[in-house]
Structures are given as C-alpha cells and as structure tokens.
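> sequence first, predicted model second:
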Amino acid sequence: MAEGTPDVKEARRMLGKGICIAGVGETEQGIISDRGSFELLAEVTRTTLDDAGLQLSDVDGIVTAFSFVESTLMHSTTLADYMGMKPGYFASVAVGGATAPLMAVQAAMAIDAGLAEVVLCVRGDNTRSGISSSGMIAMAREMSHGAYEAPFGLTTIGGYGLLAQRYMYEHDIPQEALAAVVATQSEHAALKWNAMLRDAVTVEDVMNDRWIATPFHAMDCSLVSDGAAAFIVTTEARAKSMKKKPVYITGIGEGFSHQYISEAESVASVRDGLGRAGRRAMEVAGITPQDLDVAEIYDSFSFTPLIALEGFGICGPGEAGDWVMEGNAKLGGNLPMNTHGGLIRQAHLGAMHHIVEAVLQLRGEADDSDKTEFNGGNHQVPDAKLAITNGSGGILAATSALVLSSEPPSAA
Amino acid sequence: MSEKPAYTKPLPDLRPEDAPFWEAMKEHRFILPCDDAGKPFWYPRKYAPGTLSATSWTDASGTGTVYTYSTHFIGPSKAYKGNPPHIVALVDLDEGPRMMTILVKDEDGYPSLDPDDVAIGMKVQIVFDDVTDEITLPKFTPAN
C-alpha cells in the first residue's frame, strides 16, 4: 500500500479497526400510499435487524437523514422515540444525495470515538405519496439560489442540464451516450426484485422519449418514490457474532466544488471536485480503479455517472460516454455499474440503495432469482470483492464516496 | 387602461444586502458587486467570497457570452403550465462573473427565444423586464 498523507493514514487507522456493514435491508419501492414515513423506517429497521440477527436492544447508535414529509429538526431522536429506543449516540445527516455515504462515515467516526458500537443507519420517506405540491415546489427551489436563480424558472433537472450541455459541447458527447446509461441500467433493474421500472428499454426508446429539460428526456431523470433502506455499521469484533458476513468500509472520501450551479467554475472543476471523493476513498483503501469489481455510482440523471466515472479516474475526461456505449457498465462488462437499476430505474432514496446493493454484491447475495413473486433475476457480479459507491447532493455540489470490500482492510 | 396580469412566477428572495441591486434594476441600471481590489463577483454578498473583504458596487456593461443553457419544457411551478419552453442560461459577463438568466426576444413582454436560435458562445445583452412594480429581472437577448 502506498504511503498516504497524514490525513489518509488517520483514515486508514480508523478503518483498520475493522469498521464494517453487518446488515442491510430495503422495503418495496414505488408508490406506497398506505404507509407513513416513520412506519416505513420502522419496517426497514425490522428487516435489517433480521438480516444481521440482532434485536433492537442491541443497537446503541442511530444515524438518520431527513424527511420531505415529516417536518422535524430532530429527525434521529424523533425516530428513536417512535421505535422505543434510548440510543447513546444519535445524529441526523442532511447533505442531499450525499447523505447515505456520509451516514456511514458518521457511524464509523462514532464507533471510532467510542460513542457507540452498533449503529443503525436508516433513511426512508413517503416522498412520492406524502409530499404536498407546495412541498414539491419548495424542494425544487432548494437547489436554486433564491434570489439569483429561482426567478429564472430553473428546475433541478435543468440545473443538471446546464452542466450536462456544456460537458457534451466540450467533449463532443452524443445524446446516445446518455441514453446508453439508461438502457444499461434498465437491463439491471429488470432483475432487481423491488425496482419500480422493470422493462428493459433501448437507446432508441430513450431518444424518442419526451423532453423535460435539454439534454434530458423523461427517462434520463431519476424517479420519485416511497420506500426505505437501512444498514448497520459495527466493528469486526461485534460482527463476528452476527448472522451475515461483514462487508468492510476500507475507503472514505468527500469532495465539494460549488453550491449553486451558477457558481461552478467549469466542467473540469466540477469533475475534479466531486472526483476527489472517489479518488480519496480509493487512496485510503489503497486501491486503483483497475481493482474494482463493481461500481454503484450516484445517478440522479443519466449524465451524473458519466462525470463521476471520469472524476474518479475510472475513465479519462470525456471518455465515459464511449465507455458505457461499449458495454463496459453492463452485467458481464468490465465494471458493472448500478446493478440494481439505480435512481433512474429502481427508486430514489439518495444513495441508500447504492450502498445496500454494493453490500449484497460483496456478500454474493445479489441474485433475486428466488424472489419469484417479484419476478427477480440474477444481477450478481461473479466473485465481486471490491466496490465503489457514492452519492452527490445538490447539482453535483457535494459528494461522498465509500470503498467497500469483502476482505478486512489489513488484507487490502 | 390595461392592467398587467398578476405575475405568478417565482420572485427573488429579498435580503437587506441585495437591496442596492434590485433598486438599480428598477432604474434599469445593471450593477455588479466588487471586492476591495475592484474585482467584480457574482452573486451579491455583503462581504466578498473567499476573503470576506468589504465590497462596493460598480456599473456593468450588461453584455456577455452564453456559457451554457438548458431548454426547459417543464417549469418549476404551475405558473409555467401551457407556456412555450423557456431557456435558462448561464452567461459569462464581459466583466468576468458568470450569472444565471433567461434568454428572451427583445419584444413586448420578452417572450422566450426559440430553442433553435440559441447556441453556446452566442453574444447576448441585457434587457430589463419589469415583472412587478418592485422587481425588474435581468434577462438577456441576442446582441445586436
């Protein structure tokens, strides 16, 4: 392993304790109008505790996110109260789509500091069914500067569109490259038991879809869904007595380039800013992109994973479109990406499902063929040992990435 | 006497530090905030980003170049329903800063520019759209 800078060494020291994910869970996803936000969180907590072989009383820390429906400034302790817990550590993380990997980092730091040993990280919401139209407008405006962007009718989709169109202009990227991301992930979602969209679509289908904001057709955009997902972070020592094979967190990293899209300096600066998250996570893990077996990359729009793949150094600048069109991101390709369908085909819960899917891949459990009632299929990457996953908040503003491994970090 | 229909699209959040900008806009003057070295920046803040130095305002040309744009077929609220697509753009001002705007025709009511008439690198100039009695928005139109 190459010598790191002092901060990289310190991250390695912390993760060297064997910080791992010992349980995962996810509910059905889609339109779930008969269940409230906290109910979904409790439901997925039951599933996740079962997966790890734990009781609720074994959990001594809780990290949650936020809700678009249940307004509270104390989300983690409100949920703890709802579930009848008295956790010794609690935190609510709110950095938009970067939240899920940051929840894992928050849990790891709490464990390292001796604040907790078994931390439940849980996020979910009935965003699709429960949000009011004024809530939806407020959510859209959240991504805009209230004085100098919102009055021009910017949407979140169009904000990404501004950067995507400049990216396509600078690197001469065809519309087909975006469509290829959608088509690839649709093939994966067809196999995932709880994906909202189960039909495989072609590049032509995406190209012929209705426009929302250029360069995005409707199918280029992520879904709005109800549902929940969770994972349990603990130590290797505690995980040994649990039910499932632990998956180790061996790399963590963050990157930031701007808050408002008007403030983004250039395509290169955004790529570098968000890319730092993945590059640093891989540096901490002591690996290179060539070592990866699977990539669960945040995909708020079809364009989003392209610039992340380049930022992380998996592809060169402007090369990710060709890389996807050549089939590298498909199951059976060089580095299968978003093997659960991602935000554009499975469901939108930030990066929660990306983490859950990465863990299932590294446990060898990403085969849903036995879920016959959901018409599941096999989306397992054979012998997957190393995964990268990330989430981005805002319009590619703030990114957090994890490297996950089936082996403890000392062996990396 | 014809009365303008009520303006229902999003209006800017108003903060005390922004008052000089919106006052100038009302008078159809375009100004930019500058740091203590006289370098203009965007978006306006009481203290300059990066150094938190004192700031002042300077007159600006209102001309620039389209850095990028996105044609919006759906707007952020019901007020856009039934409207033709609108083109949100980032414009690099000749003075340096980049700002968001909307690209319009220089005609009564400033209707949206046709998507076919937009390109990255296009030269544009400001027009002042008095959307309410209090608020004038800086929109941009192809330069003469």
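Ah, there it is. Computed from a prediction, not measured in an experiment: that's the story for all the values here.
> surely A:P289 touches A:G313?
Yes - using Cβ atoms under 8 Å, A:P289 makes contact with A:G313 at a distance of 5.4 Å. No exception for glycine: its C-beta is placed from N, CA and C like everyone else's.
> anything in contact with each of those two?
Common neighbours of A:P289 and A:G313 (criterion: Cβ atoms under 8 Å, 6 or more residues apart in numbering or on different chains): A:M282.
> tell me which element A:T234 falls in.
In this assignment (DSSP states H and E), A:T234 forms part of strand A:226-235.
> likewise for B:M25?
helix B:19-26.
> by contact count, what packs against whichever helix or strand comes after that helix?
The helix or strand immediately downstream of helix B:19-26 is strand B:31-34, counting by DSSP H and E. Applying 3 or more Cβ pairs under 8 Å, 6 or more residues apart in numbering or on different chains; DSSP states H and E, we find strand B:31-34 packed against helix B:19-26, strand B:56-59.
> can I get those in a markdown table with distance to B:K105 and mean pLDDT?
As requested, those are exported to a markdown table (distance: least, Cβ to Cβ, whole Å; pLDDT from 0 to 100):
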| stretch | distance to B:K105 | mean pLDDT |
| --- | --- | --- |
| helix B:19-26 | 20 | 98 |
| strand B:56-59 | 26 | 98 |
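> tell me which of these is the most buried.
helix B:19-26 (a mean of 16; mean count of other Cβ atoms under 10 Å in any protein chain shown).
> does that one reach chain A?
No - applying Cβ under 8 Å from any Cβ of the partner chain, one finds helix B:19-26 out of contact with chain A, separated by at least 8.5 Å.
> ok, residues contacting that helix?
For helix B:19-26, contacts defined as Cβ under 8 Å, 6+ apart pick out B:12, B:14, B:30-31, B:33, B:44, B:57, B:128, B:130, B:134-138.
> likewise stretch A:65-81?
The contact list for stretch A:65-81 (Cβ under 8 Å, 6+ apart) reads A:36-38, A:41, A:62-64, A:86-87, A:90-94, A:99-100, A:103, A:122-123, A:125-127, A:130-131, A:135, A:139, A:350.
> of those residues, grab the buried ones for ChimeraX.
This is the ChimeraX syntax for the buried subset of those, where burial follows 16 or more other Cβ atoms under 10 Å in any protein chain shown:
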select /A:36,37,38,41,62,63,64,87,90,91,92,93,99,100,103,122,123,125,126,127,130,131,350
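> any idea how far B:Y69 is from chain A?
In this structure, B:Y69 and chain A are 7 Å apart, going by Cβ to the nearest Cβ, to the nearest Å.
> that residue and B:H86, how far apart?
Distance, B:Y69 to B:H86, by Cβ to Cβ, to the nearest Å: 10 Å.
> kindly report the same for A:V8.
46 Å.
> who has more neighbours out of the two?
In this view A:V8 and B:H86 are compared by other Cβ atoms under 10 Å in any protein chain shown, and B:H86 has more residues nearby, 25 against 17.
> what's near enough to touch the nearest residue to that one once chain neighbours are set aside?
Distance criterion Cβ to Cβ, 6 or more residues apart in numbering or on different chains; nearest residue to B:H86, sequence neighbours excluded, is B:S112 at 4.7 Å. By Cβ under 8 Å, 6+ apart, B:S112 lies in contact with B:83-87, B:102-105.
> list just the nearest of the residues you listed to chain A.
B:I102 (4.4 Å; Cβ to the nearest Cβ).
> for the one helix or strand that closest one maps to, packing partners?
Here B:I102 sits within strand B:98-103, counting by DSSP H and E. Packing partners of strand B:98-103 (3+ Cβ pairs under 8 Å, 6+ apart): strand B:63-72, strand B:86-93, strand B:136-142.
> mind giving me the packing neighbours of the helix or strand encompassing A:D7?
Element membership of A:D7, judged by DSSP H and E, is helix A:6-15. In terms of contacts (3+ Cβ pairs under 8 Å, 6+ apart), helix A:6-15 is packed against helix A:99-112, strand A:247-256, helix A:267-285.
> and the gap between the spatially most central residue of chain B and B:G64?
Geometric centre of chain B, nearest residue: B:P138, 3.2 Å, by Cα atoms, centre = their mean. B:P138 sits 11 Å away from B:G64, going by Cβ to Cβ.
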